[in-house]
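**Q** Next come a sequence and a model predicted from it.
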There are 4 protein chains.
Amino acid sequence: MTTTATESGTNQLKIGDKVFNSRLIVGTGKYPSFEMNKQALELSGAEMITVAVRRIELDKTKESILNYIDPEKYQLLPNTAGCFNVKEAVMTCQLAREAGLGNFVKVEVIGDEKTLFPDNEATLEACKLLVKDGFTVLPYCMDDVVLCKKLEDAGCAAVMPLAAPIGSGLGIRNPYNVKLILEAVKVPVIIDAGVGTASDAGRAMELGVDGLLMNTAIAQAKDPLKMAKAMRLAVESGRLAFEAGRIPKKLYATASSPLDGMIDV
Amino acid sequence: MTTTATESGTNQLKIGDKVFNSRLIVGTGKYPSFEMNKQALELSGAEMITVAVRRIELDKTKESILNYIDPEKYQLLPNTAGCFNVKEAVMTCQLAREAGLGNFVKVEVIGDEKTLFPDNEATLEACKLLVKDGFTVLPYCMDDVVLCKKLEDAGCAAVMPLAAPIGSGLGIRNPYNVKLILEAVKVPVIIDAGVGTASDAGRAMELGVDGLLMNTAIAQAKDPLKMAKAMRLAVESGRLAFEAGRIPKKLYATASSPLDGMIDV
Amino acid sequence: MTTTATESGTNQLKIGDKVFNSRLIVGTGKYPSFEMNKQALELSGAEMITVAVRRIELDKTKESILNYIDPEKYQLLPNTAGCFNVKEAVMTCQLAREAGLGNFVKVEVIGDEKTLFPDNEATLEACKLLVKDGFTVLPYCMDDVVLCKKLEDAGCAAVMPLAAPIGSGLGIRNPYNVKLILEAVKVPVIIDAGVGTASDAGRAMELGVDGLLMNTAIAQAKDPLKMAKAMRLAVESGRLAFEAGRIPKKLYATASSPLDGMIDV
Amino acid sequence: MTTTATESGTNQLKIGDKVFNSRLIVGTGKYPSFEMNKQALELSGAEMITVAVRRIELDKTKESILNYIDPEKYQLLPNTAGCFNVKEAVMTCQLAREAGLGNFVKVEVIGDEKTLFPDNEATLEACKLLVKDGFTVLPYCMDDVVLCKKLEDAGCAAVMPLAAPIGSGLGIRNPYNVKLILEAVKVPVIIDAGVGTASDAGRAMELGVDGLLMNTAIAQAKDPLKMAKAMRLAVESGRLAFEAGRIPKKLYATASSPLDGMIDV
């Protein structure tokens, strides 16, 4: 979905029947403490927060990240991190719903333990089952245009191609693929995984993506709170720059033919 | 000058005896109108603004950009755009001072009409003369570590290496050179020329530079006002990310040896 | 499959039960003439040549590219270009075998008419059927490590991830993915599609891939014969450089810690 | 000097009054042994070889690299490595000539001990003196278009901009600058320093440069002899590809407007 630059409410991200005033989605893993996680969440400006159902404490009478997130203020996005097949992913989503975490889900079916790359075939199958079961489904997937179209056809509310391996910090490795996905699907395109620093986030937004999901880049920065703020500004800046319409790239100012600036790596 | 991340007042840029609360310096050329230029200046958050002495109307009783800039609010930075030798550059600075534009000057001695690349030898000579004449000198120069050290030794208050040709929008073409200059000089390093979009600005700041000067990227964007705001946020974001300390780059999250993330292109 | 640098016969590529003295595989489309195609094939040094079964004339009594390729000298690799589902791909391979083109096949199941990206799910299914039917199967596929492992498990004789869209000339867009695939599979990894010029081929070989398949970069160059020769030399050069072991990347010669040179983009 | 693609003798490089059948110039430092240096020289196909006058033994009755280089077969190119000012550089060239090493000289005046970047101002001055003194002067210099024009005007027989710091292996950090230099000067443009592996050499040649000078990339490779051969092939391949005229870059094959392929990084 290439959001046109002329619409109002440019920082509004619509997924399913909900509207968010931030295009940034953040995670809840790898923080030094729940308290710092909570502060980083606030500084990031995010309104949606993803939690790994299999890793968090679902019993709120115990110490749990869930006690630090106000469900009135934030949309929870339970995810299926750690699931390696369709059945696990589906059951994990159902468990989350039963635990009161709602029906938005981030579906990931991991296909490779080392790189945490998705098993796209299994992801697609899980998404089909979850859509039928009434979930609002956001799949973590390869930056593969054919796959993203299938996920959209399966009823997913968004597609979330990875920019680079989870936790790698490599940034948008293949902006060309992102561009092609934006041309091909109508649902929101949210970059999930791979962002390393704020300019990576800005650059992704400048490509025209609808949103960004990140965790490690904030949680594992030397100063997570400063980085949370940096990311908030970078996402807003990137969206504005996308809408503003950048100058073309040229070899020099008076060169007659501009280099194509949109999709150069 | 690599500003340490721990100092307070992280958005403060000190040049000569002045302190600025923004690390962004903007220009006054190529805008659709003086009025829009003024608005873009405000939205950018910049506190220093550069004007081409040979191109503007110095007589304020006539229509001039100078009538749109409040000298109480902004530091003027007269520049020598259009000068092709030492004498022209020196005289242009003196003319600016006599016209009441102050003693901060951006020195550019152009060596190639097509690309607008500087004549570094002549720039150095002009800087020496202007420093002796009491100016606070900020030279536009090649991203050349040896040259930048000479300019610092000559008493320049900052060095302003180009990131790419003026108006090219190519971004930071050689971050390695920028890194080497930051290691070599103590005066502020301000990237001058070449920025194309907001993430370019963010990335420059993440390298650790002290500031950015830009004109075309804002003035010639399809929506200059939106881009001015985007640039403001990108500069703040990039500075915060630099101070926050990004995660290392790795091939995948659990890879034992991180790629070096700081200076990868 | 990362071929070790120490083995002899470094230009030998083994696929299934055959050994080739060139690591380059070339195509037969888009040439100005069959005669030029033949000459380019010779100059490229390739010993395997791919033909689009659905596009060529299979009846050798008519004018056909097949009359220009000596089957004693070259291994034919019929491909399923133009097939959009499993059934078409499987039948096209069977048709090729019946027409005497042998049992090596390049399987492509296209999932997107515009970009010609593969439908990886369908490709995997087609490969399973073709392996069972006795073919030596080389699939064109996404640069997806999980998929490549599945294709290997399915009995494919090699995997052929794309470097960039067919005919795009963009080069190796994501060397990181190529690196991860090389770490994950034991069958030969052959880059298929995306090469634009000779240094792209050299760079792919330097990553350690076992071979390269290309067509447009040669056929549509201004001078296809010169480019065929350039590609031959680039593939040999890249292989030698991979085996020779390059110097590490450093910010400068005496820098104490090298940048990681292997997988920098 | 952009050599046109149509001229015959495409591997011929003309400098001053001499013609070379190889576009590669190699060095004589950092090899495990003189014997290996000699073999690498032969495998590289180079016809010009540079020697550091201040570091080698000029007395041939002693063990010296000069005893391993046949002056009938190779053009010696004495260089001024280790010189930090004009006087040292000029005297070193004169010493070389008196020692019988001829009147071709590579002039380097180092301005920064750490990075070995040149002092361009001093380099230019030294070149002027050496041209007057009858030398055929090839200066190592910054990739600065204005400087290169001055060096040409001073009578240098070629310009040798660095691609990256000496011994860094970073490759062509700023192909845009190389492109601009090629447009601006008529003398041969030879990339000196920075090449890390064979595809870097290929890529430089594809930009249209007239030749390449390298040392560390071969001498310090794990297998210098294999790398010497790889470099030979890469230079030939790159030149052929430049002359062949590559396909344009596009987002996908049927995209209507090609990306500009020539100078994309």
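**A** Yep, that arrived.
**Q** Give me the pLDDT value at the residue lying closest to A:Thr254 once chain neighbours are set aside.
**A** Distances taken as C-beta to C-beta, 6 or more residues apart in numbering or on different chains put B:Lys114 closest to A:Thr254, at 6.7 Å, once the chain neighbours are dropped. Every C-beta, even on glycine, is put in place using the N, C-alpha and C of the backbone. Among the per-residue scores, B:Lys114 holds a pLDDT of 92.
**Q** list the contacts for B:Lys114?
**A** Contact analysis of B:Lys114 by C-beta atoms under 8 Å, 6 or more residues apart in numbering or on different chains lists A:252, A:254, D:184.
**Q** Count the residues that sit near the residue nearest to A:Phe242 when sequence neighbours are not counted.
**A** Nearest non-adjacent residue to A:Phe242, counting by C-beta to C-beta, 6+ apart: A:Glu206, 5.0 Å away. Number of residues near A:Glu206 (other C-beta atoms under 10 Å in any protein chain shown) recorded here: 28.
**Q** go on, A:Leu124?
**A** Neighbours of A:Leu124 under the rule other C-beta under 10 Å: 22.
**Q** My assumption is that it lies in a strand; please confirm.
**A** No - counting by DSSP: H, G, I helix; E, B strand; the rest coil, A:Leu124 is not found in a strand; it is helix.
**Q** for it, what are its contacts?
**A** By C-beta under 8 Å, 6+ apart, the contact set of A:Leu124 is A:139, A:147, A:150-151, A:154, C:121.
**Q** Between those, which sits nearest C:Ile218?
**A** Proximity of those to C:Ile218 was ranked by C-beta to C-beta; the top entry is A:Leu147 with 30.2 Å.
**Q** The host helix or strand of the closest one: what's the following helix or strand?
**A** Applying DSSP states H and E as the criterion places A:Leu147 in helix A:145-153. Using DSSP H and E, the helix or strand that directly follows helix A:145-153 along the chain is strand A:160-161.
**Q** Of the contacts of A:Leu124, grab the buried ones for PyMOL.
**A** To isolate the buried members of these in PyMOL, using 16 or more other C-beta atoms under 10 Å in any protein chain shown:
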select buried, (chain A and resi 139+147+150+151+154) or (chain C and resi 121)
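**Q** can you put the contacts of A:Leu124 in JSON lines and add distance to D:Ile247 and pLDDT?
**A** Converted to JSON lines, the contacts of A:Leu124 look like this (distance: C-beta to C-beta, whole Å; pLDDT from 0 to 100):
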{"residue": "A:Pro139", "distance to D:Ile247": "35", "pLDDT": "98"}
{"residue": "A:Leu147", "distance to D:Ile247": "27", "pLDDT": "98"}
{"residue": "A:Lys150", "distance to D:Ile247": "30", "pLDDT": "98"}
{"residue": "A:Leu151", "distance to D:Ile247": "32", "pLDDT": "98"}
{"residue": "A:Ala154", "distance to D:Ile247": "36", "pLDDT": "98"}
{"residue": "C:Glu121", "distance to D:Ile247": "30", "pLDDT": "97"}
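**Q** what's the spacing between the closest residue to A:Asp223 other than its chain neighbours and chain D?
**A** Once flanking residues are discounted, A:Asp223 sits nearest to B:Ala244: 4.4 Å by C-beta to C-beta, 6+ apart. Using C-beta to the nearest C-beta, to the nearest Å, we find B:Ala244 at a distance of 27 Å from chain D.
**Q** burial measure for A:Glu47, as a count.
**A** 19.
**Q** where does chain A dip in pLDDT?
**A** Scanning chain A for pLDDT under 70 picks out A:1-11, A:255-265.
**Q** let's see it at 80
**A** A:1-11, A:254-265 (pLDDT under 80).
**Q** any idea where the strands of it begin and end?
**A** A:13-15, A:18-20, A:24-26, A:48-52, A:75-79, A:104-107, A:136-141, A:160-161, A:190-192, A:211-214 (DSSP state E).
**Q** just to revisit the earlier point, can you tell me which helices and strands the helix holding A:Leu147 packs against?
**A** Here helix A:145-153 touches helix A:120-132, strand A:136-141, helix A:175-184, helix C:120-132, going by 3 or more C-beta pairs under 8 Å, 6 or more residues apart in numbering or on different chains; DSSP states H and E.
**Q** and the ones you listed, which is most packed in?
**A** Comparing these by mean neighbour count (mean count of other C-beta atoms under 10 Å in any protein chain shown), strand A:136-141 comes out on top with a mean of 27.
**Q** Check which strands are paired with that strand and give the direction for each one.
**A** Take DSSP bridges as the rule and strand A:136-141 pairs in its sheet with strand A:104-107 (parallel), strand A:160-161 (parallel).
**Q** what's the most buried one of the ones you listed?
**A** strand A:104-107 (a mean of 28).
**Q** for the longest helix seen in chain A, packing partners?
**A** When chain A is parsed with DSSP state H, its longest helix is helix A:224-244. With contacts taken as 3+ C-beta pairs under 8 Å, 6+ apart, helix A:224-244 sits against strand A:24-26, helix A:34-44, helix A:198-206, helix A:216-219, helix B:198-207, helix B:224-244.
**Q** Alpha carbons of it, as PDB, please.
**A** Taking C-alpha atoms only, helix A:224-244 is exported to PDB below (Å, rounded to 0.1, in the frame of the first residue of the first chain):
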ATOM      1  CA  PRO A 224      17.800   2.600  25.100                       C
ATOM      2  CA  LEU A 225      15.800   5.700  26.100                       C
ATOM      3  CA  LYS A 226      17.800   8.000  23.900                       C
ATOM      4  CA  MET A 227      17.400   5.600  21.000                       C
ATOM      5  CA  ALA A 228      13.700   5.200  21.600                       C
ATOM      6  CA  LYS A 229      13.400   9.000  21.200                       C
ATOM      7  CA  ALA A 230      15.700   8.900  18.100                       C
ATOM      8  CA  MET A 231      13.500   6.300  16.500                       C
ATOM      9  CA  ARG A 232      10.400   8.300  17.100                       C
ATOM     10  CA  LEU A 233      11.900  11.300  15.400                       C
ATOM     11  CA  ALA A 234      13.300   9.200  12.600                       C
ATOM     12  CA  VAL A 235      10.000   7.600  11.800                       C
ATOM     13  CA  GLU A 236       8.200  11.000  11.700                       C
ATOM     14  CA  SER A 237      11.100  12.500   9.800                       C
ATOM     15  CA  GLY A 238      11.100   9.800   7.200                       C
ATOM     16  CA  ARG A 239       7.400   9.900   6.700                       C
ATOM     17  CA  LEU A 240       7.500  13.700   6.200                       C
ATOM     18  CA  ALA A 241      10.400  13.400   3.800                       C
ATOM     19  CA  PHE A 242       8.500  10.800   1.800                       C
ATOM     20  CA  GLU A 243       5.500  13.100   1.600                       C
ATOM     21  CA  ALA A 244       7.600  16.200   0.900                       C
END
